[in-house]
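*Asks:* make a model of this:
(chains A and B, ligands or ions: 5)
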Amino acid sequence: MAFKITKMIDLDSIDFLVDVEAPEVAERFHPGQFVMLMTRKEGERIPMSVMKVDDGKITMFIRKLGKTSKELRDGMTSFENVIGPLGNGIEEKAYGTVVVVSDAVCGHAENYAICDALGKIEGNNIISIQTFPSKKEVYPDEYLTKKIADRHFITTEDGSLGDKGSYVVTLKRLIENGVKIDYVFGGGKLPTMKAVSTVLAINNIDNLFTTRQMMVDGSGMCGSCRVYIDGEMKLSCIDGPMFDSRKINWTRAMKRYGMFKKEEKKANEYYEAHKGGCGQCQK
Amino acid sequence: MPKIKPRVPMGEQPPLQRIKNFKSVPYGYTEDEAVEEAARCIQCKKPKCEPACPVNIGIKEMNLLIAQRKFKEAYLLVKDDNTFPACSGRVCPQEKQCEGDCILKKFDEPVAIGKLEAFIADWGAKHKVEVEEIVANNEDKHVAIVGSGPAGLACAAECRKFGYAVTIYETLHKAGGVLQYGIPEFRLPKDIVDAEVKKLEEMGVKIELNHTVGQNIYYYELVSQNDAVFLAMGAGAPKFMGIQGENPLDGVYSSNEFLIRANLMKAYKFPEWDTPIDVGKVVAVLGAGNVAMDAARTALRLGAEEVHIIYRRTKEYAPARAEELHHALEEGIIFHELVNPVRFHGNDDGFIDYMELVKMELIEDKKGKLRPTPIEGSNFYMGVDTVIEALGTVPNRLFLDKAPEIKRDKNGVIIVDENHMTSVEGTFAGGDAASGAATVIKALGEGKNAAKAIHAYISMHNN
Ligand SMILES: Cc1cc2nc3c(=O)[nH]c(=O)nc-3n(C[C@H](O)[C@H](O)[C@H](O)COP(=O)(O)OP(=O)(O)OC[C@H]3O[C@@H](n4cnc5c(N)ncnc54)[C@H](O)[C@@H]3O)c2cc1C
Ligand SMILES: Cc1cc2nc3c(=O)[nH]c(=O)nc-3n(C[C@H](O)[C@H](O)[C@H](O)COP(=O)(O)OP(=O)(O)OC[C@H]3O[C@@H](n4cnc5c(N)ncnc54)[C@H](O)[C@@H]3O)c2cc1C
Ligand code: SF4
Ligand code: SF4
Ligand code: FES
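*Replies:* Residues are numbered from 1 along each chain as shown, chains lettered A, B, ... in the order given. Ligands and ions are numbered 1, 2, ... in the order given. Next up is the predicted model:
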């Protein structure tokens, strides 16, 4: 069964938005959960966050990186598989003042899903902080959390818009200004998450962050996505994907993520050489 | 006693050739070879081989029919006792089962029962012999099966024969369980597994792939929508050594991850297939069971220069099938007996660099059992690029955590009664999920028997 792609638009120079028909997945999705995609039969099972679900369709932000996403960009009209929802959703309840932060594609998708769900619950005051490399990479307004959060901040790494630096800068400022924060959700780049975990620890703020580990099956069978939480081994796919950032061994999580660098380069080169589709090179 | 002819040898890819590909190692018997081998069976009055087979195949008669070239009859006979003879013939630990008790073993090699079974199964498939018959119409009764490994598939086939509407739910995007994602192509070609699955679908069994019970479909939904549920989730979660320095090193795989990447995701065809696998020059596999042999031989085929098996006992205690151990050694895999890893050391990039090991000795304990015991001060080092931990598997907690009403033991193994029923009425379990890691044939047998129990249960509640 193929899953039809119904929309694919450029968000900026590095990410794009994809809508795909996956009614069974859409029906059961909760913010914080993820899906796994297979672009084709020979494809990898790649984990993806979900921005929103609507009318049997799920919306994802996908980074233009690697072989798989290149294939997508080069005119794919359906996916072989959309598997999920996987992992655990967040508790959808009144938290008080919630800050949701993100600085990369998957984080932004989750940011949206969480703001959207929690914003509908009475008793939540939602502050969303989104970080982009520079002003020109900022997503169009309708794909930001601007309209659904009570307060919205943009920061850029080069300072061309908003605070200069990551969401950590803005979050720290909020704390310094005396905003009482009850809970933080976040995701995106691992080094930023590592940095924010210290801030959250010092200020003793409860939180959940997506570890984004390498996954294969996504259902607890391979152990590839293992992370160490307070020294104990957990599996991101079935115990997570979100964990208390204060307890995650980030140094470790970051190293593991680089495990297949060599192979990914090879896959990319292969794809570039073979995407013509003439079939000559297959022999 | 007449002089017994020697066993008809099975043609095989030579070791130096086969370590460069993933094709089946044995070529399989030709008709003439099978006839000759089957004729070695002396047709015992009381065949000892049959009770030693977990599903009690009519081995003696199978041999006679093959020897008489009545292949179709032989095929039907075997299929009657065993849902997937093509698989069991290839992967059963025959030396501990049927062939282990064959009378010929006293004089020479036992009859090659497994190879004959695989032959007759392949013959039946090749000649498209139909057997599966739906004997009743019970389509208004529904059976849900969780997991598409041998236990689930066998139960599905049998329930369908009783006429029930059967749906299998499978987490992965391909059906077959360990037969699909664990046991490598060179030992059990995936065409065979796919063909068996296809036959089930043709019988009307529905297979819902990408459905993880407890995750994107719930157990209570299955219970409310079906007349019986069969749990056959296997025992597929990996165990890690849990030794110092292991935590967090790259280049350390569970055998499950390694084999899933290689078999299910076909990483050996990378980059045509997208999933990568990183195999270093020197690979160490921890353990000496089937899983360890499969991982070691796969690593060799993926280009490792040296593959070492690290085992804390001696070869004769290795739990692997005799044939796999033999094939592995033939292929140049280096077997280290009486050693155990105590610590992993990484390099600056976080990759495994070398292992610290300790020598072991087997010391008799109070009960007279030989226990591997570390020899103090015997520690030594071994440089490695990749470590694969093949230390066995446990039931996956994903499902179990979400269905606490199903009783299980402290290892997570589901407790069942003699009718395969769990602590919840109408929910049955079998295969590795209800026994802990065991064998393909045991799972096939339990799946089939559970179907009979399910049939009895549904029939009883019908009246
Ligand atoms: C829970 C979770 C949510 C995610 N959400 C998103 C998302 O919303 N949008 C998005 O663009 N990406 C997301 N990712 C990351 C995404 O899965 C990888 O970028 C993707 O696998 C890359 O595939 P590729 O073929 O394009 O690139 P490749 O060339 O294969 O890899 C590029 C990089 O992606 C990472 N990666 C590769 N394979 C995996 C894998 N199986 N699991 C995890 N990371 C991998 C590696 O760091 C690698 O360096 C998420 C990952 C996780 C674990
Ligand atoms: C590498 C390897 C080599 C082996 N070699 C041999 C051998 O040579 N000979 C031999 O006799 N035995 C061998 N075994 C053991 C044998 O494969 C198992 O005993 C047998 O497969 C058990 O069958 P099963 O049907 O109980 O479970 P499995 O084959 O494990 O199948 C269980 C299925 O359930 C699915 N599943 C799990 N949880 C869920 C869920 N929540 N929802 C939906 N689906 C789910 C899994 O994805 C899987 O497909 C080997 C095992 C391994 C791992
Ligand atoms: S099923 Fe296994 S034990 Fe039984 S006859 Fe066949 S190979 Fe032997
Ligand atoms: S024990 Fe051996 S010789 Fe006797 S019937 Fe069985 S296979 Fe034939
Ligand atoms: S992805 Fe395999 S255990 Fe999590």
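
*Asks:* only C-alpha atoms from now on, for both contacts and neighbour counts.
*Replies:* OK.

*Asks:* just the helices in the stretch 101-250 of chain B please.
*Replies:* B:113-126, B:150-161, B:178-181, B:190-202, B:219-225 (DSSP state H, counting those that start in this stretch).

*Asks:* counting contacts, what elements does the last one pack onto?
*Replies:* In other words, helix B:219-225. Contacts of helix B:219-225 with other secondary structure elements, assessed using 3 or more CA pairs under 8 Å, 6 or more residues apart in numbering or on different chains; DSSP states H and E, are absent: no helix or strand is involved.

*Asks:* got the CA positions of it in PDB?
*Replies:* This file holds the C-alpha atoms of helix B:219-225, laid out as PDB (Å, rounded to 0.1, in the frame of the first residue of the first chain):
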ATOM      1  CA  TYR B 219      -4.900  -5.500  23.200                       C
ATOM      2  CA  TYR B 220      -8.300  -4.600  24.500                       C
ATOM      3  CA  GLU B 221      -9.400  -3.700  20.900                       C
ATOM      4  CA  LEU B 222      -8.300  -7.100  19.800                       C
ATOM      5  CA  VAL B 223     -10.200  -8.700  22.700                       C
ATOM      6  CA  SER B 224     -13.400  -6.800  22.000                       C
ATOM      7  CA  GLN B 225     -13.300  -7.400  18.200                       C
END
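
*Asks:* re earlier: and the helices of the stretch 101-250 of chain B, which is most packed in?
*Replies:* Using mean count of other CA atoms under 10 Å in any protein chain shown, the stretch among the helices of the stretch 101-250 of chain B with the largest mean neighbour count is helix B:150-161, at a mean of 29.

*Asks:* avg pLDDT for that one?
*Replies:* Average pLDDT, helix B:150-161: 95.

*Asks:* name the nearest residue to the residue in the stretch 151-283 of chain A positioned nearest to ligand 4, ignoring sequence neighbours.
*Replies:* With CA to the nearest ligand atom as the measure, the residue in the stretch 151-283 of chain A that lies nearest ligand 4 is A:Met221; the distance is 38.7 Å. If the residues on either side of it in the chain are set aside, A:Met221 comes closest to B:Ala237, at 4.7 Å by CA to CA, 6 or more residues apart in numbering or on different chains.

*Asks:* would you agree B:Arg312 is in contact with B:Val342?
*Replies:* No: the pair B:Arg312 and B:Val342 does not pass the contact test of CA atoms under 8 Å, sitting 11.5 Å apart.

*Asks:* more neighbours: which of those two?
*Replies:* Neighbours were counted for B:Arg312 and for B:Val342 using other CA atoms under 10 Å in any protein chain shown; B:Arg312 has more, 26 against 18.

*Asks:* please name the nearest non-neighbouring residue to the more buried one.
*Replies:* Sequence neighbours aside, B:Leu338 is the residue nearest to B:Arg312 in space, at 4.2 Å (criterion: CA to CA, 6+ apart).

*Asks:* now the one you found: phi and psi?
*Replies:* phi 50, psi 50 (degrees, to the nearest 10).

*Asks:* neighbours of it, how many?
*Replies:* When neighbours are counted by other CA under 10 Å, B:Leu338 registers 20.

*Asks:* ok, it touching B:Met360?
*Replies:* Yes: taking CA under 8 Å as the definition, B:Leu338 is a contact partner of B:Met360 at 4.7 Å.

*Asks:* common neighbours of the two, please.
*Replies:* The overlap between the contact sets of B:Leu338 and B:Met360 (CA atoms under 8 Å, 6 or more residues apart in numbering or on different chains) consists of B:312-313, B:372.

*Asks:* near ligand 4, from these?
*Replies:* Residues shared between these and the neighbourhood of ligand 4: none [CA under 6 Å from any ligand atom].

*Asks:* residues contacting the residue of the stretch 101-250 of chain A found nearest ligand 3?
*Replies:* Taking CA to the nearest ligand atom, ligand 3 has its nearest neighbour within the stretch 101-250 of chain A at A:Met221, 26.8 Å off. By CA under 8 Å, 6+ apart, the contact list for A:Met221 reads B:236-238, B:256-257, B:396.

*Asks:* for it, give its distance to B:Phe84.
*Replies:* With the distance defined as CA to CA, to the nearest Å, A:Met221 ends up 25 Å from B:Phe84.

*Asks:* also A:Met36?
*Replies:* Look at A:Met36 and B:Phe84: by CA to CA, they are 31 Å apart.

*Asks:* next one: A:Ile202
*Replies:* According to CA to CA, A:Ile202 stands 60 Å off from B:Phe84.

*Asks:* the two: which has the busier surroundings?
*Replies:* Per other CA under 10 Å, whichever of A:Ile202 and B:Phe84 has more neighbours is B:Phe84, with 22 against 10.

*Asks:* I'd assumed B:Ala195 was in contact with the more buried one.
*Replies:* No: applying CA under 8 Å, one finds B:Phe84 not in contact with B:Ala195, separated by 10.5 Å.

*Asks:* so which residues on chain B come close to ligand 4?
*Replies:* Counting by CA under 6 Å from any ligand atom, the residues of chain B lying close to ligand 4 are B:41-44, B:47-49, B:60, B:102-104, B:111.

*Asks:* columns pLDDT on top of those residues, output as JSON lines?
*Replies:* Formatted as JSON lines, the entries for these read as follows, by pLDDT from 0 to 100:
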{"residue": "B:Cys41", "pLDDT": "96"}
{"residue": "B:Ile42", "pLDDT": "95"}
{"residue": "B:Gln43", "pLDDT": "96"}
{"residue": "B:Cys44", "pLDDT": "95"}
{"residue": "B:Pro47", "pLDDT": "96"}
{"residue": "B:Lys48", "pLDDT": "95"}
{"residue": "B:Cys49", "pLDDT": "96"}
{"residue": "B:Lys60", "pLDDT": "97"}
{"residue": "B:Cys102", "pLDDT": "96"}
{"residue": "B:Ile103", "pLDDT": "95"}
{"residue": "B:Leu104", "pLDDT": "94"}
{"residue": "B:Val111", "pLDDT": "96"}
